Structure formats: C-alpha cells, structure tokens
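1. Requesting a structural model of the entry that follows:
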Amino acid sequence: MNSYLLKNEGVVPGQPVKAPVYGNSSGYPEIETKGQQQPKKCNDVFWGILFYSHIVAMIVLAATYAPQMDFSQAQGNNYNNKNDDANANNGGDGDDTYYNDYGYRNLVDDSQNKSITQIVMGITTRTLVKVATAAGVQATSLGDRFLEEEQNPNSVFILIGLTVVGAFVLSILSLAIMIRFADGLIKMSLFFNMSLGLITAAAGFMSGSIGAGIMGLVLFAIASCYAWAVWSRIPFAATNLVTASSAVKANMGLTVFAYMTILVNGLWLVLWSFSTYSTLFVLGGCDANGDCQNDLPGIYSFLFTLSLYWTAQVIKNVVHVTVAGTVGTWWWTPLEASGCCSKAVRDSHNRAMTHSFGSICLGSLLVAIIQTVRTLLESARDSDDGFFRCIADCILGCLVTIMEMFNEWAFVYVGLYGYTFIDAAKNVITLFKSRGWTAIITDYMVDRVLLMISCGNGLIVGGIGALVSYLFNLNLEGIAFGLGFVVGMLLSMVVLSVVGSGVNAVIVCYAEDPATFEINHYTLSMRMRESWRSAFPNDFAY
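-> The predicted structure is shown next:
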C-alpha cells in the first residue's frame, strides 16, 4: 500500500485529500474554498439529452433529404459547357477549372474501370492540388504530375503514411523535450514572436506595402514589450509546463483520446455536410447549379451553424475534462495514474462521457452560440451597415475568447470533482479570488510554446515529405511539403493540447492542495514552490 496512505488516515484512493488532514504542518495555509468530490450522478442531464437529440435529428435529416437530391441537370450543364480546347490541353489557361470540372467528370465516367482506392485517391489528390493552388504553390505542370498519381496511388499512400508517422513520433518526442528544456523553449517562443514581427515588417517594406511594414514593426514592439514584462515569470511557466508534461507522460493513453478527436471530428463533418446541404438543397427547391426557388428563413442557417460549432466544442471539451480528471488522480493518488492505459485515464474518460457529459454540453453551447452569431455577422459584412457589423464582430470575438478561457477553468473543476457546470464556474472564481491569483490565469506563455513547437514539427515533417518525394522521384516536392506541414502541425497540436489542458489542471490543483503534491511528487513540488514564489511574491507568500 502507498506509504502516505498509511500516514494519513481518512485519505481515500481516487478522491482529493481534505485540507484538515495536513493542516499547516508543511507551511501551507488551509483553504476554505477547497473543492470536494461530488456524488456520482449525471449532472445537467437536460443539456446532454438535447445534444444527443440534435445529433439524431441531423442523422434523420440526412437520411430523409439526401436521397431526394437530383444532380442530373447540373451535371449535364457543367459537362456541356466545358471548353473542349481547354480539356484537350489539360486546363488550357492554367487555372484549376480543369481539375474541378473535367477531372471530376472523368472520375465519374471512368469509375467502372477504377478501384475504389483509385477513385478516392483521385478526389483527394485533386483537392490537394486546389489547396496548393490557393497557397500559391501549384503550377500547371505540377498539377498534371500530381494527377498522374491517380493511376498508381501507392506512392501517394507512402507519402501520407510517412508524414503521419513522422508527425506522431515528433509529437511524442516533444513531451520529453519540453520536460528537459522548458525554460529554453519559453524564451525561444518569446523571441519567435518578435521575429515574426520583424519578418512581417521586412516583407512589407520589400514588397512596397508600407502599411504592412509598419504593422510588422508594431507587432515587433508589442512582442518585445511583452517579453520584457514576463521575463521574470519564465521559471513559473516552465515549472507548470514540466509538471503537466510529466503527468501526461505518465498517462500516455490521454494522447489516444486526443487523436481520436480527429476521427470523430471528421465523421461529424461528413454527417453535418450531408445533412445541411441536402436539407437546404431540397427545402430550397434548388438544382445543382445553385439556383433555388424558395427563400428559407435565417433560422435554418443559425441552427445548422450552431450545430457545427456545438459538436466541435463538445468533442474538444470531453478531452479537456478527461485530462483534468487524470491529472487530479496523478496529483492525489499517483499509483492509479502511472501507465499508458491507467485506471485514472479510463475512469476520467468514462466520467466525462457519462456523469459530466451534460455539463460539458452546457458549457460548450454557450461558446457555440457566440461563435454562431459571429459567423453569421461575418457573412453579412457586405451590407450597408458593414462598419457597425465589423464592430459587433470584434466584440463577439472578444466574448468568444473570454468564454473559452472561462470554460477551460470551469471544466477543470468538472473533471476534478464532478461539479455541475454552474457550480464549477462559481468555485473557480471563488478560488482564484481568495488566493489573489487572478493574474495567473491570464498568463499564456505556455500556449505560445505549444504553438511554436507545433509549427516547428510541421516544418520538419514538411521537409521529410519533400525529401521522400525527391528520393522516390515523385516530383511533388511542393505539395509534399505542404501536406507534411499541415499533417505535422495538426497532429502536434492535438497531442500538445493535452499538455495545455494539463497545465490548467496543475494550476488549480496547486492552488488548492500543494501539501499533497509535496508528499507525492516532492522534486516537482519544490521546483514549483520556488518558481511560483519568485514570480508572484505578493500572491504566493508561503
């Protein structure tokens, strides 16, 4: 049995230790606002039922209206209107119309002579060509070479597979690097922000855009002032980063749930697209040319957009709550949180998907509503009162940021103790007010480090992709680099988002129960105590 359980009566495995058990024996003050483990029950049930009901409704809409869509007239028009000379010259003028119309027609006409893999890869490669064109990477010859890979998609699969494996390995190595070089990475991220300002200024002046150059200098000045103001807090941020990374490294199963969000989000996007497009298509009396006979009320756009944002927020916050619960168990009962698929990871995820799911849905809905209103305002900017809409958009953007930050801390309490969303929000506010650490929750140095590492991993994986293309004579270096960069950055951000959630949980746990942390993780506790005391001598006086 764990030795500290023998020394401290009343300590229950899997539950937080009450402050009176330790008193002031370690020099830490007692905390009257300390959270308590809540009874196991489903909280905010109505919002969980509402969320699942809306998912069922989307499925029903897709099943009802998708079979009623008729593209025959539009396909005939698109094909007949295609310029024959442009077809013969593989696009003629070099734009991507060839890839959008003629190329997709070939996929349909020749589908009987191709395997499913070739058809899917054909659509995928054409999409990548379009993305590369938008980014200024594609030339006509490059697009032609890429399209030739449809006949033999194995090389493209190899390219994608290697970029995914490289991104996965780098994202895992990032945890070890952050633990060992946390201070240096934070300093590097501050210089990284300043360098972006200088690069923007140089690019602006060299291209003759004086406004862009001045904006770059302003960004450089802001980044420099910020670095000067927070330099003394680097040890504080580094300690939080190291502690959170250590907790995640001890429970690597958290990254599995994080990676699963990519798949779940992809499936949800497919369902949402089918449901939304087919419903608006049929009810609007539209043909595939985009000509509609009926004007639908704006409530349709609002509800479908809200559905998209709400589900995305729920998926993200389930992982956030799972991480908070796991870090809490690692904090209080580390024997249950020391393994890839530890009991802490499994139990925390199960609670997030059952007892706390309604609370997650409620908090996510609040953010989704603001995001939806902002999106609809952005789509209406071309109206006469566009200036005022722009102002409203800026205000709503700030509200989204504030609500997301508020939710992050509230969901930590949901994951740690099983509070309802409203009670969790009240407890977080009370805790930080009583501690006087309000400034701590506004410090985002760790987030900047995570973003910098994600960008760096993306560049490395992009380089790997370009190298593979060169070695295998694929002649796709530009697109391979772009694909590798996107995949590398995406997968790194998914894994490192777990660390970001862990940092929030660490701050709340340390604010409430530093004594238990000292017993279970003594070395980390001493480092954290000194760094917090140095960064916030007035707020952290013990």
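
2. ok, now which ones touch the residue lying closest to residue 194 once chain neighbours are set aside?
-> Beyond its immediate neighbours in the sequence, the residue positioned closest to residue 194 (Cβ to Cβ, 6 or more residues apart in numbering) is residue 223, lying 4.4 Å away. For the C-beta atoms, the positions are set from N, CA and C on the backbone; glycine is no exception. Residue 223 is in contact with 190, 193, 194, 196, 197, counting by Cβ atoms under 8 Å, 6 or more residues apart in numbering.

3. can you put those in a markdown table and add neighbour count, pLDDT and secondary structure?
-> A markdown table is the format used below for the contacts of residue 223 (neighbours: other Cβ atoms under 10 Å; pLDDT from 0 to 100; DSSP: H, G, I helix; E, B strand; the rest coil):
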| residue | neighbour count | pLDDT | secondary structure |
| --- | --- | --- | --- |
| 190 | 21 | 90 | helix |
| 193 | 19 | 86 | helix |
| 194 | 17 | 91 | helix |
| 196 | 14 | 88 | helix |
| 197 | 19 | 89 | helix |
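
4. ok, so of these, who is nearest residue 343?
-> Checking these against residue 343 by Cβ to Cβ gives residue 190 as the nearest, at 38.9 Å.

5. Report the spatially nearest residue to that closest one, omitting neighbours in sequence.
-> residue 227 (4.1 Å).

6. now whichever helix or strand that neighbour is part of: mean pLDDT?
-> Using DSSP states H and E, residue 227 falls within helix 210-230. For helix 210-230, the mean pLDDT works out to 89.

7. got the buried residues for that helix?
-> Within helix 210-230, the residues that qualify as buried are 212, 213, 216, 217, 219, 220, 223, 224, 226, 227, 230, counting by 16 or more other Cβ atoms under 10 Å.

8. Correct me if wrong: the second one contacts residue 205.
-> It stands for residue 213. Yes: using Cβ atoms under 8 Å, residue 213 is in contact with residue 205, at 3.9 Å.

9. State the pLDDT value of residue 504.
-> The model's pLDDT for residue 504 equals 89.

10. That one and residue 240: what is the separation?
-> 9 Å (Cβ to Cβ, to the nearest Å).

11. chain center to the helix or strand hosting residue 256: distance?
-> Using DSSP H and E, residue 256 maps to helix 253-283. The chain centre lies 14 Å from the centre of helix 253-283; the measure is Cα atoms, centre = their mean, to the nearest Å.

12. where does residue 538 land in three-state SS?
-> Following DSSP: H, G, I helix; E, B strand; the rest coil, residue 538 is assigned to coil.

13. Can you give me the neighbour number for it?
-> 6 (other Cβ atoms under 10 Å).

14. Over to residue 523?
-> Residue 523, neighbours per other Cβ under 10 Å, totals 9.

15. Direction-wise, compare the helix or strand where it lies with helix 210-230 and give the angle.
-> Using DSSP H and E, residue 523 falls within helix 522-535. Interaxial angle, helix 522-535 versus helix 210-230 (axes from the mean of the first three to the mean of the last three Cα atoms, to 10 degrees): 110 degrees.

16. Which elements pack onto helix 522-535?
-> Contacts defined by 3 or more Cβ pairs under 8 Å, 6 or more residues apart in numbering; DSSP states H and E place helix 522-535 against helix 234-250, helix 514-520.

17. Mind doing that once more with 10 Å?
-> helix 234-250, helix 477-512, helix 514-520 (3 or more Cβ pairs under 10 Å, 6 or more residues apart in numbering; DSSP states H and E).

18. Show me what counts as buried in it.
-> Neighbour count says helix 522-535 has 524, 525, 527, 528, 529, 531, 532, 535 buried, by 16+ other Cβ under 10 Å.

19. what about the residue nearest to the second one when sequence neighbours are not counted, distance to residue 529?
-> Translated: residue 525. In space, and not counting its chain neighbours, residue 525 is closest to residue 518: 4.0 Å by Cβ to Cβ, 6+ apart. According to Cβ to Cβ, residue 518 and residue 529 sit 8 Å apart.

20. circling back to that earlier point, so the residue nearest to residue 190 touches residue 188, yeah?
-> No: using Cβ atoms under 10 Å, residue 227 is not in contact with residue 188, being 11.0 Å away.

21. secondary structure element for residue 475?
-> Counting by DSSP H and E, residue 475 is part of no helix or strand.

22. from now on call the first residue 25
-> Renumbered: residue one is now 25, and that last one reads residue 499.

23. Surely it is in contact with residue 493?
-> Yes: with contact defined as Cβ under 10 Å, residue 499 and residue 493 form a contacting pair (7.0 Å).

24. quick one, which of those two is more surrounded?
-> Between residue 499 and residue 493, counted using other Cβ under 10 Å, the more crowded position is residue 493 (22 against 16).

25. Summarise which helices and strands the helix or strand encompassing that one is packed against.
-> Residue 493 is part of helix 469-495 when elements are defined by DSSP H and E. If you count contacts as 3+ Cβ pairs under 10 Å, 6+ apart, helix 469-495 packs onto helix 178-204, helix 206-230, helix 234-254, helix 258-274, helix 501-536.

26. So what's the gap between the fourth one and the chain middle?
-> Between the mean C-alpha location of helix 258-274 and the chain-wide mean there is a distance of 20 Å, by Cα atoms, centre = their mean.

27. what's the answer for the second one, then?
-> Between the centre of helix 206-230 and the centre of its host chain there is 23 Å, according to Cα atoms, centre = their mean.

28. Next one: the closest residue in space to residue 310 that isn't next to it in sequence from residue 496, what distance?
-> Nearest in space to residue 310, with sequence neighbours left out and distances taken as Cβ to Cβ, 6+ apart, is residue 316 at 4.0 Å. Residue 316 sits 47 Å away from residue 496, going by Cβ to Cβ.
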